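In: Show me how the following folds:
(one chain, ligands or ions: 1)
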Amino acid sequence: TRRTEYAERKVESVCPFCGVGCQTELSVKEGKIIQVEGRKGPANRGKLCIKGRFGYDYVLSPERLTRPLIRREDAPKDARARLSFDRLHEVFREATWQEALEKASGGLKTIIDRDGGGALAGFGSAKGTNEEAYLFQKLVRQGFGTNNVDHCTRLCHASSVAALMEGVGSGAVSAPFTDAEKSDCIIIIGARPEQNHPVAATYFKQAAKNGATLIVMDPRRQRLMRHATHGVVFEPGRDVALLNAMIHTIIEEGLTDEQYIQAHTSGFEALKEKVKGFTPEEMAPICGVAADEIRTIARAFARAERGIIFWGMGISQHVHGTDNSRCLIALALITGHVGRPGTGLHPLRGQNNVQGASDAGLIPMFYPDYKSVENPELIARYEDAWGRPLDHARGLTVVEIMHAIHDGEIKGMYVQGENPAMSDPDQHHARAALASLEHLVVQDIFFTETAWHADVILPASSQAEKLGTYTNSNRQVQLGRPVLDPPGEARQDWELIVAIANGLGCNWTYADVPDVYAEMAALMPSLANISWERIAREGAVTYPAPAPDAPGKEVIFETGFPTDDGRARIVPTDLVPPDELPDAEFPLVLTTGRMLEHWHTGAMTRTSHALNAQEPEPVVSMHPRDIGRMGFTRGQQVTVETRRGDITLTLRADRDVTEGMLFIPFCFREAPANFLTNPSLDPFGKIPEFKFAAARIRAAD
Ligand code: SF4
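Out: Have a look, this model is predicted:
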């Protein structure tokens with residue numbers, strides 16, 4: 001019997017996990033979610049993956065934070081201390097809301113009064129709603145008086161956004177992933193959609209089944225390659241060599257769309273000159289793909305009537321992440337595969353609202369809608385809207401903030417729903433930074449690794465307990481509805497941000513969430529014609545929407561680009577090696593990523609019994625031949641080490657991992673992969689090189 005038949009009520013909402021944005025229906029009985037089913041949303045058409053269908057039990061975890069907490073006077077902030085939920089009360093004492101909020105905003109105000117707002121920083125959340133993201137960035141800009149506000153987009157697609165803004169004048173996708181069904185040739189590179197965007201992957205597989213050419217390119221093998229026309233495994237960190245060789249082939253063989261290039265782009269001649277030296281024959285030994293294969297996939301994409309490119313963090317998380325994206329943009333532009341159904345550029349977004357949080361201005365260089373914080377006209381507009389002088393310089397990014405803490409420039413932080421003590425690279429450095437803060441306010445639903453370092457912890461609401469809008473990877477703005485009340489004394493995130501702002505003298509008087517949305521939408525041209533009522537009525541509205549009663553535009557750039565001259569800019573790239581190459585001391589390549597069952601730092605999925613039962617322990621994956629050659633046995637405990645630290649975990653044999661490589665998921669608090677990762681940044685997107693570090697492995701002591 002279906003459990004939904006016993007439900008007391010059913011609530012329509014959206015999935016709290018990835019950027020696909022599946023619509024859900026949650027069945028509730030006796031204050032518990034008893035089943036989640038997929039609705040026929042534009043992104044999922046009734047489908048859900050394991051996380052969306054079974055991962056909801058994190059909401060009722062006994063480890064949820066239910067009361068405000070204040071750090072005990074004598075509790076150490078030792079960065080090396082190990083986190084344990086059971087030890088929470090040794091370090092923190094329960095407090096009233098009044099005491100906690102006064103201490104939270106009081107500590108921030110002390111720093112502002114003494115050192116200025118530039119001594120503070122805030123991390124908002126891509127798991128929160130658009131309204132929370134808008135309020136959070138406004139609080140940092142208006143209440144703190146700084147642009148030091150960022151979120152996890154810095155760690156996933158910041159380099160993609162940098163390249164897209166530079167190239168096509170917009171950081172969002174040009175077509176939805178469902179357009180794969182209309183495409184003749186689909187490139188998926190540096191992404192593992194079956195693990196990280198499982199419902200989107202169903203469209204790619206179906207397109208291949210219907211006859212489209214599917215080209216899957218990645219340094220690790222993956223199951224999606226079984227459905228692909230071409231599964232291309234290339235050397236890690238050598239994306240530019242492969243992509244420039246494809247561009248070289250297309251230009252050399254006269255497969256470019258000259259009409260499109262002339263009408264809609266600039267910079268083609270410089271690209272043509274640059275890629276002359278990137279012949280497939282010369283690049284083959286560098287990228288590890290045979291010259292013939294490079295030519296074959298380049299021809300397939302260029303000759304297609306409609307070609308589309310999807311990419312993930314395998315492209316973006318490199319010191320040359322922006323260059324990688326520039327190559328993909330050039331590939332689409334020179335073949336005219338932009339601005340028509342079944343064509344385009346689509347960075348697959350990671351968290352459920354990373355698109356919306358970025359759109360809402362939760363980034364240090366942009367106000368909402370990617371308007372520069374250094375543009376005097378815009379500064380004046382926002383100073384008018386928010387009633388105070390604003391910071392005129394772009395703020396610090398995620399990793400830069402950690403450095404600034406060590407340098408004594410940042411002294412206090414407010415972190416809402418992010419977990420930098422797991423997600424930042426080089427964790428010894430990041431955790432030491434958090435531990436050294438004079439004042440840290442953490443607002444979360446769990447006692448995260450970051451909360452361990454907090455002075456005040458504000459218990460907040462899970463996605464199942466809040467009302468608000470979310471924007472998925474397809475630019476579809478959707479409504480999440482509350483299913484349950486927050487546990488204990490936990491409060492709504494938006495109300496807590498308002499309380500902190502008012503503690504700093506902002507005098508905000510929002511009546512409710514739609515009131516916040518109305519202010520945000522009035523400042524964001526992208527949300528024109530998309531009222532709260534319309535989203536509630538239609539369930540999902542794609543931006544931009546040309547009129548209140550017209551459907552949103554799924555495909556953009558049909559007639560030009562939102563750049564100064566209306567043209568897309570082609571930017572040639574050079575070959576930049578990974579920051580830290582393997583050597584005799586550290587001979588292996590370590591790469592990190594997610595798993596189907598676990599999402600990001602694991603705060604939610606590790607507390608879901610349904611998901612954690614599938615993947616309960618930290619593992620390092622290695623090719624079976626490497627395991628044999630190095631004298632290990634699968635299942636044994638091993639220690640993986642880089643120049644930044646070591647962790648001990650279980651060895652797993654995995655033929656997807658190529659020889660000479662190690663793969664570690666970054667979601668396990670018992671063995672945080674980011675103790676090992678390289679904090680070197682892409683100079684444009686400021687994203688760390690999570691995908692490549694020199695490493696070694698030995699049997700655990
Ligand atoms: Fe949720 Fe993403 Fe899975 Fe859809 S594909 S159910 S949005 S995790």
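In: Tell me how far Tyr382 lies from Lys138.
Out: Per Cβ to Cβ, to the nearest Å, Tyr382 is found 9 Å from Lys138. All C-beta spots, glycine's among them, are computed from the backbone N, C-alpha and C.
In: of these two, who's got more company?
Out: Neighbour totals were compared for Tyr382 and Lys138, and Lys138 leads with 26 against 22 (other Cβ atoms under 10 Å).
In: ok, that one touching Trp386?
Out: Yes - at 6.6 Å, Lys138 counts as touching Trp386 under the criterion of Cβ atoms under 8 Å.
In: what touches both of those two?
Out: Residues touching both Lys138 and Trp386 (Cβ atoms under 8 Å, 6 or more residues apart in numbering): none.
In: In the protein, where is pLDDT below threshold?
Out: 1-4, 79-83 (pLDDT under 70).
In: how many neighbours does Gln262 have?
Out: 9.
In: My reading is that it lies in a helix. Confirm?
Out: Yes - under DSSP: H, G, I helix; E, B strand; the rest coil, Gln262 falls within a helix.
In: Just want the residue of the stretch 201-350 of the chain that's nearest the ligand.
Out: Ranked by Cβ to the nearest ligand atom, the top residue of the stretch 201-350 of the chain for proximity to the ligand is Ala201, at 8.3 Å.
In: ok, now the chain?
Out: Residue of the chain nearest the ligand, by Cβ to the nearest ligand atom: Gly52 (2.2 Å).
In: That residue against Cys22, yeah?
Out: Yes - proximity of Gly52 to Cys22 meets the contact threshold set by Cβ under 8 Å, at 5.2 Å.
In: which residues in the stretch 301-450 of the chain form helices?
Out: Assigned by DSSP state H, counting those that start in this stretch, the helices in the stretch 301-450 of the chain fall at 313-316, 321-334, 354-359, 376-386, 398-406, 420-423, 427-436.
In: So what touches the fourth one?
Out: Counting contacts by Cβ under 8 Å, 6+ apart, the residues outside helix 376-386 that touch it are Lys138, Arg141, Gln142, Tyr367, Lys371, Ser372, Val373, Pro389, Leu390, His392, Leu523.
In: likewise the third one?
Out: Where contact means Cβ under 8 Å, 6+ apart, the residues beyond helix 354-359 that reach it are 19, 124-126, 128-130, 133, 151-153, 156-157, 161, 171-172, 349, 351, 368-370, 469-473, 475, 477, 524, 526.
In: cool, stretch 483-498 as well?
Out: With Cβ under 8 Å, 6+ apart, stretch 483-498 has contacts from 11, 13, 26, 28, 31-33, 59, 64-68, 97, 101, 128-129, 131-132, 135-136, 139, 416-417, 443, 445, 458-462, 464-466, 468, 508, 510, 513, 516.
In: could you redo the last one with a cut-off of 6 Å?
Out: Residues outside stretch 483-498 that contact it (Cβ atoms under 6 Å, 6 or more residues apart in numbering) are 11, 26, 28, 64, 66-67, 128, 131-132, 135-136, 139, 443, 458-461, 464-466, 508.
In: what residues does this protein put near the ligand?
Out: The chain comes close to the ligand at residues 15, 17-18, 20-22, 44, 48-49, 51-52, 197-199, as judged by Cβ under 6 Å from any ligand atom.
In: residues near Thr296, how many?
Out: Neighbour number of Thr296 under other Cβ under 10 Å is 17.
In: secondary structure element for the closest residue to Leu527 other than its chain neighbours?
Out: Sequence neighbours aside, Ala521 is the residue nearest to Leu527 in space, at 4.1 Å (criterion: Cβ to Cβ, 6 or more residues apart in numbering). Assigned by DSSP states H and E, Ala521 belongs to helix 513-523.
In: got it, and Glu102?
Out: Short version, using DSSP H and E: Glu102 is in helix 97-115.
In: For that helix, give me every contacting residue.
Out: In contact with helix 97-115 (Cβ under 6 Å, 6+ apart) are residues 68, 70, 119-120, 411-412, 439, 441, 456, 499-500, 503-504.
In: could I get these as CSV with neighbour count?
Out: Listed next are these as CSV, based on neighbours: other Cβ atoms under 10 Å:
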residue, neighbour count
Pro68, 25
Ile70, 19
Ala119, 20
Leu120, 27
Lys411, 22
Gly412, 23
His439, 20
Val441, 25
Val456, 27
Ala499, 19
Ile500, 26
Gly503, 18
Leu504, 19
